[in-house]
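J.: Based on what follows, work out the 3D shape:
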Amino acid sequence: MPATAASSIHVVIVSLHGAEPPSWRRLEVPSTITLDRLHQVLQETFGWHNFGPHLFVTTYGEFGGPVRPTSRAAKRAAGRRDGSGVALAQAAGDEGDMIGYLYGYEDEWKVDIQIEQILPAAPGVAYPRCTGGQGEDVPGEGYRGVREFNAERAEDAAEDGPPVFPWSDDIDPEVETEMLAHLATVLVPKS
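T.: Have a look, this model is predicted:
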């Protein structure tokens, strides 16, 4: 792991794979965040409640948490490792790197995670935090995959008509950051 990882952040774009229109967030997370902690951040971000198994797919292998023996994800468990000891800086250490996150039992949700930038942490700022995004609605646990999520969104759009303002689907980063506050920590104290 890079020596600077303890005081740096990864700026990541997390996007719900296959969502139409796109649903994504720009998050700033500690470079040393473990994959099991990043799992918690993604659960909060997309309105999930950790009811199913999860898996990170990286160039270094697959990492995840516990699974039920009867799930589809359990079949993949034999080749994966525990994500609690792997930092994001280890799994995706360079700008432009991509990793995948799968969540669920039958219709797995896929989140694409792209490392946009790696920056020094700002003094006194708590991470993770959200700095932008699109797609106010998040899937939550009520859908059986992205197809059902897209179908309901298309239905709603047909009933409501086109948005009055093209930017009306932008999210409020402050609200998103507040949802992540219980997971946040300051990396570099204010001087």
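
J.: which residues touch the residue nearest to the spatial centre of the chain?
T.: With distances taken as CA atoms, centre = their mean, the residue of the chain nearest its centroid is Leu42 (3.5 Å). For Leu42, the set of contacting residues under the criterion of CB atoms under 8 Å, 6 or more residues apart in numbering consists of Val14, Trp48, Tyr101, Tyr103, Val111. From N, CA and C alone the C-beta is placed, and that goes for glycine too.

J.: And it, how far from Val188?
T.: 24 Å (CB to CB, to the nearest Å).

J.: Run through who's touching stretch 146-164.
T.: Contacting residues not belonging to stretch 146-164 are listed as 16-21, 107, 109-110, 137, 139, 143, 169 [CB under 8 Å, 6+ apart].

J.: list the buried ones in it?
T.: Within stretch 146-164, the residues scored as buried using 16 or more other CB atoms under 10 Å are Val146, Phe149, Asn150, Arg153.

J.: Okay, and which of those map to helices?
T.: Those of the buried residues of stretch 146-164 mapping onto helices are Val146, Phe149, Asn150, Arg153, per DSSP state H.

J.: ranges for the strands of this protein?
T.: Using DSSP state E, the strands of the chain run over residues 8-16, 24-30, 54-58, 61-64, 80-82, 98-103, 109-120, 126-127, 129-134, 185-186.

J.: of all those, which lies closest to Arg37?
T.: When these are ranked by distance to Arg37, counting by CB to CB, first place goes to strand 24-30 at 8.5 Å.

J.: From the contact counts, what lies against the closest one?
T.: Judged by 3 or more CB pairs under 8 Å, 6 or more residues apart in numbering; DSSP states H and E, the packing partners of strand 24-30 are strand 8-16, helix 35-45, strand 126-127, strand 129-134.

J.: so what's the nearest residue to His17 once chain neighbours are set aside up against?
T.: Taking CB to CB, 6 or more residues apart in numbering, and ignoring the residues beside it in sequence, His17 has Lys110 as its nearest neighbour in space, at 3.8 Å. Listed by CB under 8 Å, 6+ apart, the contact partners of Lys110 are Leu16, His17, Gly18, Gly100, Tyr101, Leu102, Val146.

J.: List the beta-bridge partners for Lys110.
T.: For Lys110, the residues forming beta bridges with it (DSSP bridges) are Leu102.
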